[in-house]
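J.: Sequence first, then the predicted structure:
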Amino acid sequence: MKSKVLAVIGARPQFVKAAAIQAALGERRRSFDWVWVHTGQHYDRLLSDVFFEELKLPRPKYNLKVGSMPHGRQTALMIERLERVFEKEKPSAVLVFGDTNSTLAAALAAAKLRVPVAHVEAGVRSFNRSMPEEVNRVVTDAVSSLFFCPTAEAVRNLRREGVTKGLHVTGDVMADLVRTHRGAAAKAPFAKPYYLATVHRDFNTDDPRRLSQILEALAKLEKPVVFPVHPRTRAAAARSGLRLSFGALRAVEPLSYLKMLAAERHAKGIITDSGGIQKEAFLLGVPCVTLREETEWTETLRAGANRLCPPDARAIRAAFSKMKRRSAGAAYGSGSASKKILDVLERFTEARRVA
Ligand code: UD1
């Protein structure tokens, strides 16, 4: 009998991380009975389906179609539906990714059934508990058995929280995927020079004054700002009557993974509040300005590749003037994170099966 792993995804950044694992899984089908579960947290074609098509992710065996609703209800509904799937499938381990409500729900549902939880991106911390993602990360790690840490710093964070077993520094699965696909991003998808901007964090979108300041700052930059708009941000702007295309600002629909990678690679600079995009900017050597007061991806700051910045055009320009295009850093591993994760998972589930 093979070990069964249930891997739970639900939001856009998780489809990207899943694609890295799927690519490494290829020849290993022999060792695992692998089941993908989609919670349905993201359901828009441009936030979900295109990633499955473009990155050749198999159609998940389950789509729980949870959809958008307040965090508590969304997480509760996911737990309820995931619990039924876990009871039916009886996995040897549940693999979760990152820091979304889908991650938290899967970790809690599995832990309550005494199914070991393996966490990709374990130990990453912003130390800002007002972020829903930080709560999700801390709680997920509190119930995990296997910690796949992207960096040595993530291991240190977990040790400080008292974790002593199951720690593995694997590198970052997003770095695996950038390596695989950066060649395909050879052509700029927009007329150069341009900046690329994304904004979707609740603290940037849900306060109309803050969102308006961000849009005004981007509109005042000296080059066009290509702005793929997350549906959450579009809805928030519509509620407050804010425009998304004026001055330098050019709103576009959310981009697929490969188009986004190409847009990032050829941008003069990237302005974002996304964690994944800060890392991708670093890996592609493109200067990045982060519209937050702290970041969990501190390696990018230390390398001088990323700067935290308030939503103000002068501050953004000043931040970019202090950064140059540079060669990509190695802080996120050598491109074999997914393979390392599967090696550990294979040994772990095999040992439990034999025991
Ligand atoms: C979620 C994650 C965040 C991640 C982001 C990537 C949590 C707590 N947050 O944030 O960490 O960086 O995904 O995108 O899990 N919506 C749609 N269509 C969709 C999905 C969402 O229109 O397919 C809109 C809805 O108005 C919804 C809002 O976006 O209410 C927020 O969606 P949600 O999944 O709750 O969180 P994100 O902001 O996407």
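T.: Alright, I've got the coordinates. Note that the structure is predicted; figures quoted are calculated from it, not measured.

J.: who's the nearest residue to Ser245 once chain neighbours are set aside bridged to?
T.: Nearest non-adjacent residue to Ser245, counting by C-beta to C-beta, 6 or more residues apart in numbering: Ala251, 4.6 Å away. The way it works is simple: take the backbone N, C-alpha and C, and place the C-beta from them, glycine included. With DSSP bridges as the criterion, Ala251 is bridged to Phe227.

J.: and the residue in the stretch 251-355 of the chain that the ligand sits nearest to, what does it touch?
T.: The ligand sits closest to Ser274 of the stretch 251-355 of the chain, with a gap of 6.1 Å, by C-beta to the nearest ligand atom. Going by C-beta atoms under 8 Å, 6 or more residues apart in numbering, Ser274 touches Pro13, Thr198, His200, Arg201.

J.: where does this structure have low pLDDT?
T.: The chain contains residues with pLDDT under 70 at 27.

J.: if we go to 90?
T.: Across the chain, residues meeting the criterion (pLDDT under 90) sit at 1-3, 26-32, 184-185, 324-330, 350-355.

J.: for the ligand, what are the nearby residues on it?
T.: 11-13, 41-44, 47, 68, 99-101, 132-133, 200, 230-232, 235 (C-beta under 6 Å from any ligand atom).

J.: And the helices in the stretch 151-300 of the chain, which stretches?
T.: Secondary structure of the stretch 151-300 of the chain (DSSP state H, counting those that start in this stretch): helices located at 152-160, 173-181, 202-205, 208-219, 231-239, 257-266, 275-284, 298-302.

J.: Switch those over to TSV; also include mean neighbour count.
T.: Formatted as TSV, the helices of the stretch 151-300 of the chain follow (neighbours: other C-beta atoms under 10 Å):
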stretch	mean neighbour count
helix 152-160	17
helix 173-181	23
helix 202-205	18
helix 208-219	19
helix 231-239	17
helix 257-266	20
helix 275-284	24
helix 298-302	18
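
J.: a markdown table please, covering those and showing distance to Ala328.
T.: Shown next, in a markdown table, are the helices of the stretch 151-300 of the chain (distance: least, C-beta to C-beta, whole Å):
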| stretch | distance to Ala328 |
| --- | --- |
| helix 152-160 | 18 |
| helix 173-181 | 8 |
| helix 202-205 | 27 |
| helix 208-219 | 25 |
| helix 231-239 | 28 |
| helix 257-266 | 10 |
| helix 275-284 | 5 |
| helix 298-302 | 11 |
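
J.: Quick one: closest of the ones you listed to Glu87.
T.: Ranking these by their distance to Glu87 (criterion: C-beta to C-beta) puts helix 173-181 first, at 28.2 Å.

J.: Which helix or strand contains the residue lying closest to Tyr43 once chain neighbours are set aside?
T.: Leaving aside its sequence neighbours, Tyr43 sits nearest to Gly67 (C-beta to C-beta, 6+ apart; 5.8 Å). Following DSSP states H and E, there is no helix or strand that holds Gly67.

J.: when you give positions from now on, start the count at 374
T.: Taking 374 as the first residue, the last one we looked at is Gly440.

J.: residues in contact with the helix or strand where Phe425 lies?
T.: In this assignment (DSSP H and E), Phe425 forms part of helix 423-427. Residues from elsewhere that reach helix 423-427, judged by C-beta under 8 Å, 6+ apart: Arg385, Phe388, Val389, Ala392, Leu430, Pro431, Arg432, Ser629, Tyr630, Leu631.

J.: List buried residues within these.
T.: By neighbour count, with 16 or more other C-beta atoms under 10 Å, the contacts of helix 423-427 hold Arg385, Phe388, Val389, Ala392, Leu430, Ser629, Tyr630, Leu631 as buried.

J.: which one of those is nearest Ala676?
T.: So of those, ranked by how close each gets to Ala676 (C-beta to C-beta), first place is Val389, at 21.8 Å.

J.: returning to what we had before: any idea which of the helices of the stretch 524-673 of the chain gets closest to Tyr567?
T.: helix 630-639 (8.0 Å).

J.: Check what contacts the closest one and list those residues.
T.: With contact meaning C-beta under 8 Å, 6+ apart, helix 630-639 is reached by 388-389, 392, 424, 427-428, 550-551, 554-555, 557-563, 565, 569, 599, 601, 628, 643, 650, 653-654, 657, 659.

J.: same thing with stretch 604-613?
T.: 417, 420, 572-573, 575, 578-579, 581, 584-585, 588, 602, 615-617, 627.

J.: and what of stretch 567-587?
T.: Contacts of stretch 567-587 (C-beta under 8 Å, 6+ apart): 503-505, 591, 594, 596-601, 603, 605-606, 609-610, 612-613, 615, 621-622, 636-637, 640-647, 650, 664-665, 684-685.

J.: In ChimeraX, select just the buried ones from those residues.
T.: Selecting the buried subset of these in ChimeraX, with 16+ other C-beta under 10 Å as the burial test, is done by:
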select :504,505,591,594,597,598,599,600,601,603,605,606,609,610,615,621,622,636,637,640,641,642,643,644,645,646,647,650,664,665,684,685
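
J.: quick one: the residue of the stretch 624-728 of the chain closest to the ligand from Ala466, how far?
T.: Distance from Ser647 to Ala466, counting by C-beta to C-beta, to the nearest Å: 28 Å.

J.: do the same with Lys565
T.: 46 Å.

J.: and what of Val378?
T.: Distance from Val378 to Ala466, by C-beta to C-beta: 5 Å.

J.: what's the overlap in contacts for these two?
T.: With C-beta under 8 Å, 6+ apart as the test, Val378 and Ala466 both reach Leu718, Thr722.

J.: Which one's more surrounded, the two?
T.: Val378 (25 against 21; other C-beta atoms under 10 Å).
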